[in-house]
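Undergrad: Got a predicted structure plus its sequence, pasted below:
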Amino acid sequence: MRASRLFSIVALCSALALFGVLSSGCKSSDKNSDGGPNPEAGTGTGDGGGDAVGPVGETTIFKVTDGSVSEGSKVLIKGVVITAIDAFGDPKDDIYVQDPKGGKGSGIKLFRAQRIDGGNLADLKPGDVVDIEGEVKYFSPSGGFNDTRHPNKTHIKEIDNAKLTFIKSDTVPAPAEVAATELTDDPDAEGWEGVLVTVKDVRVTEGKDPQYGEWKVEGGLDIGNDLYEHTPTVGDCVSVTGISLYFYAYRLQPRSDKDIVASTSCKQPTALTIKDIQDDAAANHPTKGDLVKFTGTVTAVDGRLSGTTPRYYGFWVQDGQGAFSGIQIFHSWDDQSAIKPVEGETYEITGTYDEYFGVSQIKGVTWTKVADQTAPTPEDIADASTIATNGADAEKFEGVLVKITNAEVLESVKDSKGKVVGIKLKTSNLHVDADLYDFATNPPAAGKMYKSITGVLHYSFDNFKILPRKASDFEE
């Protein structure tokens with residue numbers, strides 16, 4: 001739960017810089033977590049396919065994007081339309097062009113652009129028609145993108161050293177209307193890369209990330225800030241237009257405030273119970289990405305700041321007791337946040353259902369307090385092994401406040417860097433993690449006996465574990 005990202009983009013950019021491969025998504029303002037490669041740094045891989053096109057061969061964007069034109073080919077592409085010019089952040093001046101026919105494969109990004117008609121690059125604007133001469137380049141990091149949604153994504157295509165000749169001023173092509181999932185879950189999402197598209201009538205599910213500046217809408221689509229930075233309100237219904245770009249994930253990049261339009265046609269959330277959400281066999285079980293609404297009482301709240309920009313990440317709610325009655329709410333806040341979850345309060349919660357590395361979560365949440373009441377009584381688990389990893393009841397009680405008895409410490413549990421992060425119990429092999437309450441700084445020794453241990457049952461890093469909330473959750 002605490003490691004909400006697979007890697008730090010900041011660390012990635014630093015690593016790439018060491019090898020002379022700095023992505024244009026690594027902007028010096030640190031506002032950006034995506035973008036494309038800087039060909040000036042030598043990002044070509046030499047692994048392109050297709051037939052080379054002479055010293056300068058006339059072709060189309062479609063033939064470049066479908067791989068018919070190989071990497072390293074010198075190309076001439078006539079009569080394309082500028083759809084966006086990056087004038088935001090640093091670096092800037094990337095230009096996006098599109099074939100007037102539009103559709104999949106019609107767009108591409110230009111690097112190191114310059115005019116050869118005597119005009120100034122700064123005078124160009126979206127809608128201008130230009131001819132381009134340049135070299136086809138591919139970018140691929142040495143370790144690959146490792147994108148589980150798009151495992152076949154191996155490189156990003158671009159036109160490097162692009163020399164532009166202005167032809168005429170015209171209008172920007174109408175954006176292609178696509179569903180958010182066509183840019184995220186569709187295996188053919190690469191077809192829309194570099195193309196001007198619009199996603200209509202979606203709700204904002206996650207607000208602007210305080211470190212990276214991106215935000216999220218229904219369908220799991222990230223809205224980036226390569227070209228323009230926007231601060232949305234979670235729950236807003238919007239239509240978003242922009243360029244679909246890839247850097248370890250697809251993101252839609254709006255060009256200005258005019259690309260983000262309020263809508264009144266979003267789908268309403270489905271009223272469910274926590275059991276409906278957690279139990280795969282429930283008749284009303286939602287699909288990942290569905291907007292849901294339910295009521296729950298807060299049982300546990302993250303009490304440890306973490307991350308480069310210190311935040312709290314997550315709380316748990318429960319509706320009644322028993323199997324499938326609890327769930328994690330993934331939400332970040334800090335000590336200055338105006339709205340914070342409070343243990344014991346009951347909320348009506350609206351958010352997006354997600355399965356994150358095997359754990360059920362609700363993301364992009366808004367909530368309304370409906371009552372003050374005591375958190376549910378912990379569920380007594382007679383045999384702790386039944387809720388340990390591979391235990392018969394582990395899935396049923398994921399997210400539920402539980403209590404185990406007669407617990408003996410077997411050993412400390414360490415992360416990959418050797419830091420103690422929790423303990424493992426003897427006999428049951430159940431893990432007890434210090435994610436919410438830091439008992440691992442001075443962990444209990446092997447053989448230590450506890451009359452009981454209380455906490456929410458959580459799943460992360462391939463193990464089920466109890467997360468105690470405070471010192472009194474350990475009863476000696």
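TA: Noted; the coordinates are in hand.
Undergrad: Nearest residue to the middle of the chain?
TA: Centre of the chain computed as the mean C-alpha position; nearest residue by Cα atoms, centre = their mean is Asp222, 6.3 Å away.
Undergrad: what's in contact with stretch 174-182?
TA: Outside of stretch 174-182, the residues within contact range by Cβ atoms under 8 Å, 6 or more residues apart in numbering are 102-103, 189, 192, 195-200, 202, 217-221, 241, 289. C-beta here means a position set from N, CA and C on the backbone, and glycine is covered the same way.
Undergrad: Just the buried residues of the residues you listed.
TA: Buried by 16 or more other Cβ atoms under 10 Å: 102, 189, 192, 195-200, 202, 217-221, 241, 289, out of the contacts of stretch 174-182.
Undergrad: Would you state the helices of the stretch 151-300 of the chain in chain order?
TA: For the stretch 151-300 of the chain, the helices defined by DSSP state H, counting those that start in this stretch cover 274-278.
Undergrad: And the strands in it, which stretches?
TA: For the stretch 151-300 of the chain, the strands defined by DSSP state E, counting those that start in this stretch cover 156-169, 176-177, 196-206, 215-217, 221-223, 237-246, 250-253, 260-262, 270-271, 291-301.
Undergrad: Partner strands of the second one and their direction?
TA: Looking back up the chat, that one is strand 176-177. Strand 176-177 has its sheet partners listed here by DSSP bridges as strand 196-206 (parallel).
Undergrad: Does Ala122 belong to a helix, a strand or coil?
TA: Here Ala122 is recorded as helix under DSSP: H, G, I helix; E, B strand; the rest coil.
Undergrad: Distance of it relative to Lys163?
TA: Separation of Ala122 from Lys163 (Cβ to Cβ, to the nearest Å): 16 Å.
Undergrad: Could you do Asp170 as well?
TA: Using Cβ to Cβ, one gets 20 Å for the distance from Asp170 to Lys163.
Undergrad: Please identify which of those two sits among more neighbours.
TA: Lys163 (18 against 14; other Cβ atoms under 10 Å).
Undergrad: Next, the contact list for that one, please.
TA: Counting by Cβ under 8 Å, 6+ apart, Lys163 touches Ala113, Gln114, Arg115, Ile116, Ile132, Glu133, Gly134.
Undergrad: burial measure for Arg304, as a count.
TA: For Arg304, the neighbour count with other Cβ under 10 Å is 13.
Undergrad: thinking it is in contact with Tyr312, fair?
TA: Yes. Judged on Cβ atoms under 8 Å, Arg304 makes contact with Tyr312 at a distance of 7.3 Å.
Undergrad: partners of the helix or strand where Phe464 lies in the sheet?
TA: Element membership for Phe464 (DSSP states H and E) is strand 463-467. In the sheet containing strand 463-467, its partner strands are strand 431-433 (parallel), strand 449-460 (antiparallel), by DSSP bridges.
Undergrad: so of the ones you listed, which one's packed in deepest?
TA: Among those, strand 431-433 has the highest mean neighbour count (mean count of other Cβ atoms under 10 Å), at a mean of 24.
Undergrad: In a strand, Val64, correct?
TA: No. Secondary structure assignment (three-state DSSP) places Val64 in helix, not in a strand.
Undergrad: and it, what does it touch?
TA: Val75, Ile77, Ile108, Val136, Lys157, Ile159.
Undergrad: Which one among the residues you listed sits at the bottom for pLDDT?
TA: Of all these, Lys157 carries the smallest pLDDT score, 93.
Undergrad: Next up, phi/psi of the residue lying farthest from the centre of the chain, please.
TA: For the chain, the largest distance from the centre (Cα atoms, centre = their mean) belongs to Gly118, which lies 42.9 Å off. Backbone dihedrals for Gly118, given as degrees, to the nearest 10, come out at phi 90, psi -10.
Undergrad: what pLDDT does it get?
TA: 95.
Undergrad: now swap in Ala394 and tell me
TA: 97.
Undergrad: Enumerate every residue touching it.
TA: Ala394 makes contact with Thr386, Ile387, Ala388, Leu457, Tyr459, Phe464, according to Cβ under 8 Å, 6+ apart.
Undergrad: how about a cut-off of 7 Å?
TA: By Cβ atoms under 7 Å, 6 or more residues apart in numbering, Ala394 lies in contact with Ile387, Ala388, Phe464.
Undergrad: Put together TSV for the residues you listed, with distance to Phe294 and pLDDT on each row.
TA: TSV is the format used below for the contacts of Ala394 (distance: Cβ to Cβ, whole Å; pLDDT from 0 to 100):
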residue	distance to Phe294	pLDDT
Ile387	23	98
Ala388	28	97
Phe464	23	97
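Undergrad: Can you tell me how far Thr427 is from Asp383?
TA: Using Cβ to Cβ, Thr427 is found at 9 Å from Asp383.
Undergrad: Give me the below-cutoff pLDDT ranges for the stretch 351-476 of the chain.
TA: Within the stretch 351-476 of the chain, no stretch has pLDDT under 70.
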